[in-house]
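Undergrad: Have a look; sequence and predicted model below, questions after that.
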Amino acid sequence: MPRGAGCSQGRAAHGQVRGQAGRARPIPQGRNIWARAQTIEELPNGYWEWFRKDGVRMRSGHFKDGEQVGEWTTYDKTGAVYKVTTMKPKRRKPPA
């Protein structure tokens, strides 16, 4: 992520995002990936985008109640759109 982009430097456990909603935060996954994200009660909600270590956007889309919804865009290493995927809602089992 480019310098001065308002990134927190806190560390989180594997796959966890930590920091204030709407700010870019590190997501350690064995490589240097950053996310700009929104959460509600620690669940992903709203618009998310991930960036490569050089600051180029890698993926973007929306979450609702912790699930990916709608169109998700994947970008190539230059930042150009590579593909757009429409996420289908997951089937939930009825309560027992």
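TA: Sure, I can see it. Every value quoted in this text rests on a predicted model; they were computed, and no experiment measured them.

Undergrad: And the strands in this structure?
TA: Ranges of strands within the chain are 24-26, 34-36, 39-40, 43-44, 46-51, 57-64, 67-75, 81-87, based on DSSP state E.

Undergrad: who does the fourth one pair up with?
TA: So that's strand 43-44. Strand pairing for strand 43-44, using DSSP bridges, gives strand 39-40 (antiparallel).

Undergrad: Angles on the backbone of residue 54, please.
TA: Backbone torsions for residue 54, taken as degrees, to the nearest 10, come to phi -90, psi 0.

Undergrad: Looking at the strands of the chain, which is nearest to residue 95?
TA: Ranking these by proximity to residue 95 (CB to CB) places strand 67-75 first, at 17.7 Å. For every residue, glycine as well, the C-beta is placed using N, CA and C.

Undergrad: what sits up against the closest one?
TA: Residues outside strand 67-75 that contact it (CB atoms under 8 Å, 6 or more residues apart in numbering) are 56-63, 81-87, 89-90.

Undergrad: If we go by neighbour counts, what in it is buried?
TA: 68, 69, 72, 75 (16 or more other CB atoms under 10 Å).

Undergrad: So in that sheet, which strands flank that strand, and in what orientation?
TA: Counting by DSSP bridges, strand 67-75 is paired with strand 57-64 (antiparallel), strand 81-87 (antiparallel).

Undergrad: Now tell me which helix or strand of the chain has the poorest mean pLDDT.
TA: Lowest on mean pLDDT, DSSP states H and E among the helices and strands of the chain sits strand 24-26, with a mean of 52.

Undergrad: hmm, back to that, so which of the buried residues of strand 67-75 is the closest to residue 50?
TA: With CB to CB as the yardstick, the closest approach to residue 50 among these comes from residue 75, at 9.3 Å.

Undergrad: Give me the mean pLDDT for stretch 74-93.
TA: For stretch 74-93, mean pLDDT rounds to 90.

Undergrad: residues of it that come out buried?
TA: For stretch 74-93, by 16+ other CB under 10 Å, it's residue 75.

Undergrad: again with stretch 37-45
TA: The neighbour-count check on stretch 37-45 (16+ other CB under 10 Å) flags 37, 38, 39, 44, 45 as buried.
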